[in-house]
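[1] give the three-dimensional model of this entry:
(one chain, ligands or ions: 1)
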Amino acid sequence: MNGFTIAIDGPAAAGKGTISKAVAAHFGFAHLDTGLLYRAVAAKVLAGADAEDAARTLATDDLEDESLRTPAVAQAASQVASLPAVRSALLAFQRSFAQRAGGAVLDGRDIGTVICPEADVKLYVTASAEVRAARRYKELSDKGLEVTPQTVLADVQARDARDMGRADAPLRPADDAVQLDTSQMGIADAIAAAVSAIEGKLNQHS
Ligand code: DC
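    This is a model prediction of the structure:
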C-alpha cells in the first residue's frame, strides 16, 4: 500500500482524532495527529521559546507530553498555527510522513488542502459547535480538569473562528473531500462511515 494517504480534516472536537486512530488501526496504516505538532510548538512558546525556532527544532519526544491536551495549550496552538513561518517549518515532516510505505492517515486542518492535496482519500469530519463543545467538556472533566460547559463552548467557537479565518491554510473542506457530519452519530457509526468511504477508494487503488 505504498504511499496510500488518507487526509482527515475538521474543526476542534468533531471526532476526527478518534476516527483517524480507528481507521489507521483498521487498515494497518501509520497515524499522525498533526494538531500535536502545533500543540507542542505552543507549549514551548508558553514556556518562553520563539515560535519559529520551536517549530524548526521540534522532536518526536515533544509530542508525547500529556499536558499538550489542556485547553490553554489548544488555544495557544491555534494562535501559533496562524504564523506562516511555523506552518512552513512543519510542512516537510508532515509530507514525508504521508509518503511512508504501508499507508498513512494524517488528521488536522489543512491536510487535504495544503499538506497532501493529492491524498487518495479526503474526509472532512464536522459537527455542530454545541455538540463538539459537549463532547470536549465531557472529555476534559472526565480527566479532572476544571472546566465549565460555557467556557468550553467559547473556546471551541474562538478556535473555529481563528482556524477558519486565518490567511494561511485556513480550515475548509477540500473540494473533493467526503463530508461526514457526526452531530447525530455515535462513534461506531462515524467510524463505519469513514471506513466505508475509504474502502471504496482503496479498492480502486489496488
Ligand atoms: O487538532 P487539535 O485540536 O489538536 O489542533 C490544535 C490547533 O492546531 C488547532 O486549533 C489549529 C492548529 N492546527 C492547524 O492549524 N493545522 C493542523 N493541520 C492541525 C492543527
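[2] okay, CA-based contacts and neighbour counts for the rest of this
    Will do.
[3] the chain against the ligand: which residues are in contact?
    With Cα under 6 Å from any ligand atom as the criterion, the chain meets the ligand at residues 12, 34-36, 38-39, 74, 77-78, 81, 108-111, 159, 163.
[4] just the ones of those residues in strands?
    Using DSSP state E, the members of the residues of the chain next to the ligand that fall in strands are Gly108.
[5] can you tell me which of the residues of the chain next to the ligand has the most neighbours?
    Using other Cα atoms under 10 Å as the neighbour criterion, Ile111 leads the residues of the chain next to the ligand with 30 neighbours.
[6] is that one in contact with Asp9, as I believe?
    Yes. If you go by Cα atoms under 8 Å, Ile111 and Asp9 touch, sitting 6.4 Å apart.
[7] just to revisit the earlier point, out of the residues of the chain next to the ligand, which two sit at the greatest distance?
    Farthest pair in the residues of the chain next to the ligand (Cα to Cα) is Ala74 and Ile111. Separation: 18.4 Å.
[8] stretch 163-174: which residues count as buried?
    The neighbour-count check on stretch 163-174 (16 or more other Cα atoms under 10 Å) flags 163-164, 166, 168-174 as buried.
[9] show me the two of the residues you listed that sit farthest apart.
    Arg166 and Ala174 (16.1 Å).
[10] got a list of what the spatially closest residue to Ala169 that is not a sequence neighbour touches?
    Nearest non-adjacent residue to Ala169, counting by Cα to Cα, 6 or more residues apart in numbering: Asp110, 6.0 Å away. Taking Cα atoms under 8 Å, 6 or more residues apart in numbering, we find Asp110 in contact with 9, 169-172.
[11] now Asp110. Its backbone dihedrals?
    phi -130, psi 30 (degrees, to the nearest 10).
[12] over to Asp176?
    Dihedral angles (degrees, to the nearest 10) for Asp176: phi -100, psi 20.
[13] pretty sure it sits against Asp120.
    No. The criterion here is Cα under 8 Å, and Asp176 misses it with Asp120 at 10.2 Å.
[14] who has more neighbours out of these two?
    Counted by other Cα under 10 Å, Asp176 and Asp120 do not tie: Asp120 has more neighbours, with 17 against 13.
[15] check which helix or strand covers the closest residue to Ile19 other than its chain neighbours.
    Counting by Cα to Cα, 6+ apart, Ile19 lies nearest to Ile191, which is 5.4 Å off, once chain neighbours are set aside. Ile191 is part of helix 187-205 when elements are defined by DSSP states H and E.
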